[in-house]
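# no sequence on hand, only this structure:
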(Lines give C-alpha, C1' and ligand atoms only; values in the text may rest on other atoms or scores of the structure.)
Protein backbone atom coordinates (compact mmCIF):
# COMPACT_ATOMS: atom_id res chain seq x y z
CA UNK A 1 0.00 0.00 0.00
CA UNK A 2 2.75 2.40 0.94
CA UNK A 3 6.49 2.65 1.60
CA UNK A 4 7.99 5.63 3.41
CA UNK A 5 11.74 5.99 4.04
CA UNK A 6 12.27 8.23 7.06
CA UNK A 7 16.05 8.19 7.53
CA UNK A 8 19.00 5.93 6.91
CA UNK A 9 17.92 4.06 10.05
CA UNK A 10 14.14 4.03 9.74
CA UNK A 11 11.52 3.12 7.13
CA UNK A 12 7.80 2.31 7.25
CA UNK A 13 5.92 -0.07 5.00
CA UNK A 14 2.13 -0.47 5.05
CA UNK A 15 0.60 -3.76 3.92
CA UNK A 16 -3.02 -4.48 3.08
CA UNK A 17 -4.48 -7.39 5.06
CA UNK A 18 -7.86 -9.10 5.34
CA UNK A 19 -9.12 -7.75 8.68
CA UNK A 20 -6.69 -4.93 9.51
CA UNK A 21 -3.92 -3.30 7.56
CA UNK A 22 -0.40 -3.71 8.93
CA UNK A 23 2.18 -0.95 9.47
CA UNK A 24 5.73 -2.29 9.81
CA UNK A 25 8.49 -0.01 11.07
CA UNK A 26 11.97 -1.27 10.16
CA UNK A 27 14.68 0.11 12.43
CA UNK A 28 18.44 -0.02 12.89
CA UNK A 29 19.35 1.73 16.15
CA UNK A 30 22.74 3.29 16.97
CA UNK A 31 25.04 1.14 19.07
CA UNK A 32 25.53 1.61 22.81
CA UNK A 33 28.82 3.39 22.10
CA UNK A 34 27.18 6.00 19.88
CA UNK A 35 26.74 9.60 21.01
CA UNK A 36 23.73 10.41 23.18
CA UNK A 37 22.43 12.87 20.60
CA UNK A 38 22.34 10.13 17.93
CA UNK A 39 20.32 7.87 20.21
CA UNK A 40 17.92 10.65 21.16
CA UNK A 41 17.38 11.60 17.51
CA UNK A 42 16.75 7.97 16.56
CA UNK A 43 14.11 7.36 19.25
CA UNK A 44 12.49 10.72 18.56
CA UNK A 45 12.08 9.76 14.88
CA UNK A 46 10.90 6.29 15.87
CA UNK A 47 8.26 7.72 18.19
CA UNK A 48 6.99 10.09 15.50
CA UNK A 49 6.94 7.31 12.91
CA UNK A 50 4.90 5.12 15.24
CA UNK A 51 2.50 7.95 16.02
CA UNK A 52 2.01 8.68 12.31
CA UNK A 53 0.77 5.13 11.61
CA UNK A 54 -3.02 4.87 11.18
CA UNK A 55 -4.75 4.31 14.50
CA UNK A 56 -6.45 1.02 13.63
CA UNK A 57 -3.49 -0.60 11.88
CA UNK A 58 -1.63 -3.51 13.44
CA UNK A 59 1.75 -1.94 14.27
CA UNK A 60 4.96 -3.98 14.26
CA UNK A 61 8.39 -2.54 15.06
CA UNK A 62 11.27 -4.78 14.05
CA UNK A 63 14.95 -4.65 13.17
CA UNK A 64 18.23 -4.37 15.06
CA UNK A 65 18.00 -2.20 18.16
CA UNK A 66 21.51 -3.04 19.38
CA UNK A 67 19.91 -3.53 22.79
CA UNK A 68 20.18 -6.11 25.54
CA UNK A 69 17.09 -6.63 27.67
CA UNK A 70 16.95 -8.24 31.11
CA UNK A 71 14.04 -10.15 32.56
CA UNK A 72 13.56 -8.52 36.00
CA UNK A 73 10.01 -8.33 37.33
CA UNK A 74 10.33 -4.54 37.61
CA UNK A 75 9.62 -4.31 33.88
CA UNK A 76 6.22 -5.97 34.30
CA UNK A 77 4.49 -7.20 31.16
CA UNK A 78 6.81 -5.29 28.80
CA UNK A 79 9.50 -7.96 28.89
CA UNK A 80 9.21 -11.74 28.80
CA UNK A 81 11.04 -14.32 30.90
CA UNK A 82 13.36 -15.65 28.21
CA UNK A 83 16.09 -13.02 27.89
CA UNK A 84 19.67 -14.12 28.51
CA UNK A 85 21.16 -10.64 28.87
CA UNK A 86 21.83 -7.85 31.33
CA UNK A 87 20.31 -4.48 30.51
CA UNK A 88 22.28 -1.90 28.53
CA UNK A 89 21.55 1.78 27.90
CA UNK A 90 19.93 0.91 24.58
CA UNK A 91 17.91 -1.73 26.39
CA UNK A 92 16.48 0.85 28.79
CA UNK A 93 15.64 3.15 25.88
CA UNK A 94 13.79 0.35 24.12
CA UNK A 95 11.87 -0.46 27.30
CA UNK A 96 10.91 3.23 27.71
CA UNK A 97 9.61 3.29 24.13
CA UNK A 98 7.61 0.08 24.63
CA UNK A 99 6.09 1.43 27.85
CA UNK A 100 5.10 4.75 26.29
CA UNK A 101 3.43 3.04 23.31
CA UNK A 102 1.79 0.21 25.30
CA UNK A 103 3.63 -2.47 23.38
CA UNK A 104 5.69 -5.51 24.38
CA UNK A 105 9.19 -6.66 23.44
CA UNK A 106 8.16 -9.93 21.87
CA UNK A 107 11.66 -11.33 21.29
CA UNK A 108 11.93 -11.97 25.03
CA UNK A 109 8.62 -13.84 25.27
CA UNK A 110 9.66 -17.17 23.80
CA UNK A 111 12.52 -19.55 24.71
CA UNK A 112 15.69 -19.71 22.68
CA UNK A 113 18.85 -21.75 22.72
CA UNK A 114 20.95 -20.91 25.77
CA UNK A 115 24.57 -20.09 25.00
CA UNK A 116 25.88 -21.27 28.35
CA UNK A 117 24.44 -22.84 31.48
CA UNK A 118 26.50 -20.49 33.64
CA UNK A 119 24.96 -17.42 32.05
CA UNK A 120 21.42 -18.74 32.31
CA UNK A 121 21.74 -19.80 35.94
CA UNK A 122 23.42 -16.56 36.99
CA UNK A 123 20.35 -14.34 36.60
CA UNK A 124 18.06 -13.25 39.44
CA UNK A 125 14.54 -12.08 38.77
CA UNK A 126 14.19 -10.03 41.95
CA UNK A 127 16.10 -8.81 44.99
CA UNK A 128 15.26 -11.18 47.82
CA UNK A 129 18.16 -10.32 50.11
CA UNK A 130 20.63 -7.48 50.54
CA UNK A 131 23.67 -6.92 52.74
CA UNK A 132 23.65 -3.81 54.90
CA UNK A 133 26.66 -1.61 55.72
CA UNK A 134 27.71 -3.99 58.51
CA UNK A 135 27.71 -7.00 56.19
CA UNK A 136 24.57 -8.54 57.69
CA UNK A 137 21.92 -9.98 55.40
CA UNK A 138 18.45 -8.38 55.28
CA UNK A 139 15.67 -10.49 53.80
CA UNK A 140 12.59 -8.52 54.87
CA UNK A 141 11.10 -6.16 52.29
CA UNK A 142 11.33 -3.07 54.52
CA UNK A 143 14.87 -3.98 55.52
CA UNK A 144 15.92 -4.17 51.86
CA UNK A 145 14.32 -0.76 51.21
CA UNK A 146 16.18 0.73 54.19
CA UNK A 147 19.53 -0.69 52.98
CA UNK A 148 19.01 0.82 49.52
CA UNK A 149 17.95 4.12 51.07
CA UNK A 150 21.05 4.36 53.26
CA UNK A 151 23.35 3.41 50.36
CA UNK A 152 21.96 5.96 47.90
CA UNK A 153 21.77 8.72 50.53
CA UNK A 154 25.49 8.33 51.23
CA UNK A 155 26.40 8.01 47.56
CA UNK A 156 24.33 10.89 46.21
CA UNK A 157 24.90 13.29 49.12
CA UNK A 158 28.67 12.83 48.76
CA UNK A 159 28.48 13.54 45.03
CA UNK A 160 26.30 16.60 45.60
CA UNK A 161 28.65 18.03 48.27
CA UNK A 162 31.70 17.65 46.01
CA UNK A 163 29.85 19.16 43.06
CA UNK A 164 28.52 22.09 45.13
CA UNK A 165 32.02 22.85 46.47
CA UNK A 166 33.52 22.85 42.97
CA UNK A 167 30.75 25.07 41.62
CA UNK A 168 31.00 27.44 44.60
CA UNK A 169 34.76 27.92 44.06
CA UNK A 170 34.47 28.36 40.29
CA UNK A 171 31.35 30.51 40.12
CA UNK A 172 31.48 34.24 40.87
CA UNK A 173 28.91 35.63 43.26
CA UNK A 174 26.14 37.64 41.60
CA UNK A 175 23.96 39.78 43.82
CA UNK A 176 21.62 40.86 41.02
CA UNK A 177 18.13 39.32 41.02
CA UNK A 178 17.52 36.60 38.45
CA UNK A 179 15.14 37.87 35.73
CA UNK A 180 12.01 35.87 35.00
CA UNK A 181 11.80 33.93 31.74
CA UNK A 182 9.69 35.30 28.95
CA UNK A 183 6.71 33.33 27.70
CA UNK A 184 8.69 32.37 24.57
CA UNK A 185 11.65 31.15 26.65
CA UNK A 186 9.34 28.99 28.75
CA UNK A 187 7.75 27.49 25.64
CA UNK A 188 11.18 26.67 24.21
CA UNK A 189 12.21 25.09 27.50
CA UNK A 190 9.12 22.86 27.53
CA UNK A 191 9.62 21.80 23.92
CA UNK A 192 13.16 20.69 24.80
CA UNK A 193 11.78 18.11 27.25
CA UNK A 194 12.32 14.54 26.09
CA UNK A 195 9.32 12.38 25.28
CA UNK A 196 8.67 8.85 26.52
CA UNK A 197 10.42 9.40 29.85
CA UNK A 198 9.11 8.16 33.18
CA UNK A 199 7.45 10.82 35.32
CA UNK A 200 8.76 11.90 38.71
CA UNK A 201 7.04 11.55 42.09
CA UNK A 202 4.14 13.79 40.97
CA UNK A 203 3.26 11.41 38.12
CA UNK A 204 3.09 14.22 35.51
CA UNK A 205 4.81 13.35 32.18
CA UNK A 206 6.51 15.86 29.88
CA UNK A 207 3.91 15.27 27.17
CA UNK A 208 1.22 16.86 29.36
CA UNK A 209 3.10 20.17 29.49
CA UNK A 210 3.73 20.05 25.74
CA UNK A 211 0.14 19.47 24.67
CA UNK A 212 -2.08 20.86 27.46
CA UNK A 213 -2.28 24.37 26.00
CA UNK A 214 -2.13 27.99 27.12
CA UNK A 215 -3.86 27.57 30.51
CA UNK A 216 -1.16 25.29 31.92
CA UNK A 217 1.55 27.34 30.17
CA UNK A 218 0.35 30.57 31.80
CA UNK A 219 0.12 28.93 35.21
CA UNK A 220 3.62 27.45 34.88
CA UNK A 221 5.00 30.84 33.87
CA UNK A 222 3.49 32.41 37.01
CA UNK A 223 4.92 29.70 39.27
CA UNK A 224 8.46 29.88 37.83
CA UNK A 225 8.42 33.68 37.99
CA UNK A 226 7.48 33.49 41.66
CA UNK A 227 10.16 30.87 42.36
CA UNK A 228 12.86 33.11 40.86
CA UNK A 229 11.59 36.23 42.62
CA UNK A 230 11.43 34.56 46.05
CA UNK A 231 14.50 32.36 45.42
CA UNK A 232 12.72 29.40 46.94
CA UNK A 233 12.04 26.10 45.15
CA UNK A 234 8.89 24.14 46.12
CA UNK A 235 9.77 21.14 48.28
CA UNK A 236 8.07 18.70 45.92
CA UNK A 237 10.27 19.81 43.03
CA UNK A 238 13.43 18.69 44.83
CA UNK A 239 12.11 15.17 45.45
CA UNK A 240 13.45 12.47 43.15
CA UNK A 241 12.43 8.84 43.01
CA UNK A 242 15.34 6.41 42.79
CA UNK A 243 14.91 3.04 41.06
CA UNK A 244 17.77 0.58 41.74
CA UNK A 245 18.49 -1.49 38.61
CA UNK A 246 20.70 -4.56 38.94
CA UNK A 247 23.86 -4.42 36.79
CA UNK A 248 26.20 -7.35 37.45
CA UNK A 249 28.12 -9.47 39.99
CA UNK A 250 26.66 -10.15 43.45
CA UNK A 251 22.99 -8.99 43.58
CA UNK A 252 23.16 -8.77 47.38
CA UNK A 253 25.59 -5.81 47.31
CA UNK A 254 24.19 -2.32 46.77
CA UNK A 255 27.08 -1.01 44.69
CA UNK A 256 26.16 -3.51 41.98
CA UNK A 257 22.95 -1.60 41.30
CA UNK A 258 22.52 1.39 39.01
CA UNK A 259 20.50 4.28 40.45
CA UNK A 260 17.92 5.67 38.02
CA UNK A 261 16.70 9.04 39.33
CA UNK A 262 13.30 10.34 38.28
CA UNK A 263 12.90 14.12 38.69
CA UNK A 264 9.64 16.02 38.53
CA UNK A 265 9.16 17.61 35.10
CA UNK A 266 8.41 21.02 36.66
CA UNK A 267 11.93 21.09 38.11
CA UNK A 268 13.39 20.21 34.70
CA UNK A 269 11.45 23.09 33.14
CA UNK A 270 12.88 25.46 35.78
CA UNK A 271 16.43 24.34 34.97
CA UNK A 272 15.92 24.66 31.22
CA UNK A 273 14.38 28.12 31.67
CA UNK A 274 17.30 29.21 33.87
CA UNK A 275 19.73 28.08 31.16
CA UNK A 276 17.99 30.25 28.57
CA UNK A 277 17.91 33.20 30.96
CA UNK A 278 21.65 32.81 31.57
CA UNK A 279 22.34 32.75 27.83
CA UNK A 280 20.15 35.80 27.26
CA UNK A 281 21.84 37.72 30.10
CA UNK A 282 25.32 36.84 28.82
CA UNK A 283 24.45 38.13 25.35
CA UNK A 284 23.04 41.35 26.80
CA UNK A 285 26.16 41.94 28.90
CA UNK A 286 28.39 41.28 25.91
CA UNK A 287 26.50 43.81 23.79
CA UNK A 288 26.65 46.40 26.56
CA UNK A 289 30.43 46.01 26.88
CA UNK A 290 30.86 46.58 23.15
CA UNK A 291 29.06 49.91 23.22
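On my side now, so go ahead. From a predicted model like this one, the values you see are computed outputs, not experimental measurements.
# most centrally placed residue in this structure?
residue 197 (4.3 Å; CA atoms, centre = their mean).
# in contact with that residue, which residues?
96, 205, 206 (CB atoms under 8 Å, 6 or more residues apart in numbering). Glycine gets a C-beta too; all of them are placed from N, C-alpha and C.
# so it sits in a helix?
No: with DSSP: H, G, I helix; E, B strand; the rest coil as the criterion, residue 197 is assigned coil and is not in a helix.
# among the contacts of residue 197, which are in helices?
Among the contacts of residue 197, DSSP state H puts 96, 206 in helices.
# buried sites along stretch 89-106?
Using 16 or more other CB atoms under 10 Å as the test for burial, stretch 89-106 gives 89-100, 105.
# before we move on, what about stretch 183-191?
For stretch 183-191, the buried set under the neighbour-count rule, 16+ other CB under 10 Å, comprises 185, 186, 187, 189, 190.
# redo these as CSV? Include distance to residue 243, secondary structure and pLDDT.
Output for the buried residues of stretch 183-191, formatted as CSV (distance: CB to CB, whole Å; DSSP: H, G, I helix; E, B strand; the rest coil; pLDDT from 0 to 100):
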residue, distance to residue 243, secondary structure, pLDDT
185, 32, helix, 84
186, 29, helix, 84
187, 30, helix, 85
189, 25, helix, 84
190, 25, helix, 85
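# and the contacts of residue 197 as CSV, adding distance to residue 266 and pLDDT?
CSV is the format used below for the contacts of residue 197 (distance: CB to CB, whole Å; pLDDT from 0 to 100):
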residue, distance to residue 266, pLDDT
96, 20, 82
205, 12, 86
206, 10, 85
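# distance to residue 147 added to the contacts of residue 197, as JSON lines?
What follows is the contacts of residue 197, written out as JSON lines (distance: CB to CB, whole Å):
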{"residue": "96", "distance to residue 147": "27"}
{"residue": "205", "distance to residue 147": "30"}
{"residue": "206", "distance to residue 147": "32"}
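# host element of the closest residue to residue 259 other than its chain neighbours?
Distances taken as CB to CB, 6 or more residues apart in numbering put residue 242 closest to residue 259, at 5.2 Å, once the chain neighbours are dropped. Using DSSP states H and E, residue 242 sits within strand 240-246.
# follow-up on the earlier one: show me the contacts for the residue nearest to residue 259.
Taking CB under 8 Å, 6+ apart, one finds 148, 152, 156, 259, 260, 261, 262 in contact with residue 242.
# dump these to a markdown table, plus distance to residue 53 and neighbour count.
Listed next are the contacts of residue 242 as a markdown table, based on distance: CB to CB, whole Å; neighbours: other CB atoms under 10 Å:
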| residue | distance to residue 53 | neighbour count |
| --- | --- | --- |
| 148 | 40 | 19 |
| 152 | 40 | 16 |
| 156 | 41 | 14 |
| 259 | 35 | 15 |
| 260 | 29 | 13 |
| 261 | 33 | 11 |
| 262 | 29 | 15 |
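# inside strands: which ones of these?
259, 260, 261, 262 (DSSP state E).
# from residue 224, how far out is the residue nearest to the last one when sequence neighbours are not counted?
This means residue 262. Leaving aside its chain neighbours, residue 262 sits nearest to residue 241 (4.3 Å; criterion: CB to CB, 6+ apart). Distance, residue 241 to residue 224, by CB to CB, to the nearest Å: 22 Å.
# comparing these two, which shows the higher neighbour count?
residue 224 (20 against 14; other CB atoms under 10 Å).
# pull out the buried positions in the host helix or strand of the more buried one.
Using DSSP H and E, residue 224 falls within helix 214-230. For helix 214-230, the neighbour count (16+ other CB under 10 Å) marks 217, 220, 221, 224, 227, 228 as buried.
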